[in-house]
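>>> below is the sequence, then the predicted model.
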Amino acid sequence: MLIAICNVADLDPRRPPNTPTTTSAVENAMRTLQIGLLCLFVLPLCAQDPLDDGEKLISSEGVMEHLRWLASDELKGRVTGSDEIALVGERIIKVMKQHGLKPAGDNKGYENKFPALNKVCRNICGIVLGSDAALRKEHVVVGAHYDHVGIGAFGSRSGEAGRGQVHNGADDNASGTSALLELIEALAAKPPKRSVLFLAFSGEELGLVGSKAWCKAPTVPVTQLTSMLNLDMIGRSRDQYLFVGGLNSGSNFESILREVNKPFAFALELHGGGRGPSDFDSFYAIGVPALFFFTAEHADYHTPADDADKINAVDLTRITRLAYRAVRRLGDGPKPKFAEDARQSMPRTSERGVEGPFFYLGARVAAVDQGVVISELSDSGDGAKNGLMKGDRLLQVDGKAVTGLEQVHEMFSLKRPATPLQLKVQRGRKNLTFKFEVRKA
């Protein structure tokens, strides 16, 4: 469903519409020119005055200061488990401490540890306590993943040419992490009635590993989570475009998004599905109403060209301010009621998949002690239609032996529609071969 919301706030809200004036034609012409210049240079960032003292703290300078560091070569692409991503985690913790967030990780700390790639990896967790004594036990979750694909050893869409090159991930997902850091400052200064749980996830590029680990063993009881807002790849808006997924998972989500968008006038593409290619999917799976902000895929996605100089700083700041208002509404207003809508929530024009296997076959994969197995199957996907079964262990993809989960994702990331795909799987004591033509699930 494509919905364009193009209402803009009145440039002079104090003056009733159609009020007669006594200005001359020259004055009218000058006023028209001034308004035109205002729309061109000021309105995109300042559709109206900041909502409150919290929103005033969200600035383009602040967002971009965070982003340029996160997307710098020094961090070598922020791959999960690396020394460089540990530096990012430390910076997020520093910001949380600076603004007085309550630790919400393991053992009363900010870190929530989980295993991946034979290493100890970390989500970062902190809470802005709500302003209402009765409601502060309930939490609105704000999440963003801070990992990327490193130097192209896996996940690069540049193939062999990308190996050894730093993939800075300015949009994916330095943009969402920068917004999260600005929101920490803004909401700490002006908390809503409910508490806000900030979660910075690692392991997203490995298949939502960090958010799945948190949801499997949450550091805040799931019963206390009222809603979730996920920020992933929100830095490359064109023509004021913003995709918002997960609308049907919360009873009041659509009305909130329409209302808070009015002064910003983003052209919203809204989708009701609760499943999708980012960490909101993990929360939908445990029954938490979850939203997904996304400015869509682009040619630089998962390539060395996703750099800070290509970020739309103006609209990234405006999206952060929009997120601030949405969180305030979720924190102050009625609690959303969860509803199921298991469709994949992605823009109609995007080719990005939740995971390569699901995108092409309607099959999710997972790492187990015995290797990589089919963990979920969609009845409508080519996988199920052609005989794949849940529990099948992947042995080969296009004749190459399967060695691990990240390798499977890498091999699928290089596949394109209308190309052949061959899988060899083990089912019980039998080895079976399946042939497909790659297409969207």
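Noted; the coordinates are in hand.

>>> under the pLDDT cut-off, which ranges of the protein? List them.
By pLDDT under 70, the low-scoring segments of the chain are 1-48, 348-360, 369, 406, 409-410, 413-417, 439-441.

>>> adjacent strands (with direction) for the longest strand along it?
Assignment by DSSP state E gives strand 119-128 as the longest strand of the chain. Paired with strand 119-128 in the same sheet, following DSSP bridges, are strand 102-103 (antiparallel), strand 111-116 (antiparallel), strand 195-201 (antiparallel).

>>> after that strand, which helix or strand is next?
Per DSSP states H and E, the first helix or strand lying C-terminal to strand 119-128 is strand 139-145.

>>> packing partners for the next helix or strand after that next one?
Using DSSP H and E, the helix or strand that follows strand 139-145 in sequence is helix 176-189. Counting contacts by 3 or more CB pairs under 8 Å, 6 or more residues apart in numbering; DSSP states H and E, helix 176-189 is packed against helix 60-70, helix 83-98, strand 119-128, strand 139-145, strand 195-201, strand 225-231, helix 313-332. Where you see a C-beta, it was placed from the backbone N, CA and C, and this is true even at glycine.

>>> off-centre distance for the third one?
Spelled out, it's strand 119-128. 17 Å (CA atoms, centre = their mean, to the nearest Å).

>>> which parts of the stretch 301-441 of the chain are helices?
Using DSSP state H, counting those that start in this stretch, the helices of the stretch 301-441 of the chain run over 313-332, 356-361, 382-385, 405-413.

>>> out of the ones you listed, nearest to Lys430?
For Lys430, the closest of those is helix 382-385, at 17.2 Å, according to CB to CB.

>>> ok, and for that closest one, which residues are buried?
Asp382, Gly383, Ala384 (16 or more other CB atoms under 10 Å).

>>> which residue, other than its chain neighbours, is closest to the second one?
This points to Gly383. Leu361 (3.6 Å; CB to CB, 6 or more residues apart in numbering).

>>> go ahead and confirm the one you found touches Gly381.
Yes: applying CB atoms under 8 Å as the test, Leu361 and Gly381 come out as touching, 5.3 Å apart.

>>> neighbour count winner among those two?
Using other CB atoms under 10 Å as the criterion, Leu361 and Gly381 rank with Leu361 on top: 29 against 20.

>>> and whatever helix or strand Cys215 lives in, what other elements does it pack with?
Assigned by DSSP H and E, Cys215 belongs to helix 209-216. When contacts are defined as 3+ CB pairs under 8 Å, 6+ apart, helix 209-216 sits against strand 111-116, strand 119-128, strand 139-145, strand 195-201, helix 280-284.

>>> looking at these, which is closest to Ala189?
Evaluated over these, closeness to Ala189 peaks at strand 119-128, with 9.3 Å, by CB to CB.

>>> what residues sit buried inside the closest one?
For strand 119-128, by 16+ other CB under 10 Å, it's Cys121, Arg122, Asn123, Ile124, Cys125, Gly126, Ile127, Val128.

>>> with adjacent residues omitted, what lies nearest to Ser59?
When the adjacent residues along the chain are set aside, Ser59 lies closest to Thr317, with 6.8 Å between them (CB to CB, 6+ apart).
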